[in-house]
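J.: predicted model and sequence below, questions to follow.
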Amino acid sequence: MITVRDLVHRYGETAALDGVSLTLDDGEFVIIAGANGSGKTTLVRHFNGLLAPDEGEILVDGRSVAANPVAARTTVGMVFQHPRDCFVAATVGADVAFGPENLGLPRAEIDDRVSTALEAVDMAGRREDRIDTLSGGEQARVAIAGALAMEPDHLVLDEPFAGLDWPARNAVLEHLDDLSANGTGIIVVTHDLRDVLERADRVIALVDGRIAIDDAPSAVGDRLAAVDVRPC
């Protein structure tokens, strides 16, 4: 469970988040939507301690993220909008292994996690492939595998479909369906709800750093357009 209490985050004099409170349950498929600059990326970067709040607190499974950042980053996996900017190794296998290696796990367990994660995104047998030779869709899948290798309870994806063609987009959606069915909490950050609204349990929309909508997809209706979110 991820709990956010009275979160405030400022960039200079500007409050990117202004008193945000919410709870995300285990296994939920949640959309965090909003126009550019609404605060959605700033919000999710607090979930595993990539950003520190100016006020308020974030708890993961009842533990403070600020006090337990390693535990938070193990529990909450993060896939960024442009995964190619976040790869840390030249090959697929080395990059996916990076997170588990930093947990100090035994080599055998690291290898098992890498194999399982790559199989989950249909990249088994591609360990030695160079990341710079992969398509955008394949790179997105490797980034997801890297997060999965940490065996998170929640997987956060920030604009995961940006720049993907339809086959790649569809492949990522199918993998999210599988993960959700297996109990992983999915949090998709987006300003465009095509293809994900029907999959979600809940839609949270931000406007100017505050929660404007927090409801079931069936109940949001025309309210999304009013907060500059494309529903379909």
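T.: Structure received.

J.: list the buried residues for the host helix or strand of residue 10?
T.: Here residue 10 sits within strand 2-11, counting by DSSP states H and E. By neighbour count on 16 or more other Cβ atoms under 10 Å, the buried set for strand 2-11 is 2, 3, 4, 7, 9. (Glycine included, C-beta is placed from N, CA and C.)

J.: now do the helix or strand following it against strand 2-11, angle only.
T.: Going down the chain from strand 2-11, the next helix or strand is strand 14-24, by DSSP H and E. If you take axes from the mean of the first three to the mean of the last three Cα atoms, to 10 degrees, strand 14-24 sits at 180 degrees to strand 2-11.

J.: quick one: residues in contact with strand 14-24.
T.: 1-10, 30, 39, 42-43, 46, 53, 56, 154, 185, 187, 204, 206, 208-211, 214 (Cβ atoms under 8 Å, 6 or more residues apart in numbering).

J.: elements contacting the helix or strand that that strand is followed by?
T.: Taking DSSP H and E as the definition, the helix or strand that follows strand 14-24 towards the C-terminus is strand 29-33. With contacts defined as 3 or more Cβ pairs under 8 Å, 6 or more residues apart in numbering; DSSP states H and E, strand 29-33 has these neighbours: helix 40-44, strand 185-190, strand 202-207.

J.: so which of the ones you listed is nearest residue 72?
T.: helix 40-44 (12.0 Å; Cβ to Cβ).

J.: so where's this structure uncertain?
T.: Filtered on pLDDT under 70, the chain yields the residue ranges 163, 231-232.

J.: so which residues of it form strands?
T.: 2-11, 14-24, 29-33, 55-60, 63-64, 76-79, 154-158, 185-190, 202-207, 210-215 (DSSP state E).

J.: columns distance to residue 121 on top of those strands, output as CSV?
T.: Formatted as CSV, the strands of the chain follow (distance: least, Cβ to Cβ, whole Å):
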stretch, distance to residue 121
strand 2-11, 23
strand 14-24, 23
strand 29-33, 18
strand 55-60, 24
strand 63-64, 29
strand 76-79, 11
strand 154-158, 12
strand 185-190, 14
strand 202-207, 25
strand 210-215, 30
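
J.: who wins for proximity to residue 117 among those strands?
T.: With Cβ to Cβ as the yardstick, what comes closest out of the strands of the chain is strand 76-79 (10.2 Å).

J.: how far away from the center of its chain is that closest one?
T.: Here strand 76-79 is found 5 Å from its chain centre; the criterion is Cα atoms, centre = their mean, to the nearest Å.

J.: packing partners of that strand?
T.: Counting by 3+ Cβ pairs under 8 Å, 6+ apart, the elements that strand 76-79 packs against turn out to be helix 136-148, strand 154-158.

J.: in PDB, list the C-alpha atoms belonging to it.
T.: Provided in PDB are the C-alpha atoms of strand 76-79 (Å, rounded to 0.1, in the frame of the first residue of the first chain):
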ATOM      1  CA  VAL A  76       7.600   0.400  -6.000                       C
ATOM      2  CA  GLY A  77       9.200  -0.100  -9.400                       C
ATOM      3  CA  MET A  78       9.400   2.800 -11.700                       C
ATOM      4  CA  VAL A  79       9.500   3.000 -15.500                       C
END
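
J.: what does it contact?
T.: Against strand 76-79 from outside (Cβ under 8 Å, 6+ apart): 2, 44-45, 47-48, 50, 60, 140, 143-144, 146-148, 150, 152-158, 160.

J.: and for stretch 82-94?
T.: Against stretch 82-94 from outside (Cβ under 8 Å, 6+ apart): 80, 95, 97-98, 114, 118, 123, 126-132, 134, 139-140, 142-143, 145, 162-163.

J.: so which of the residues you listed are in helices?
T.: Among the contacts of stretch 82-94, DSSP state H puts 95, 97, 98, 114, 118, 139, 140, 142, 143, 145 in helices.
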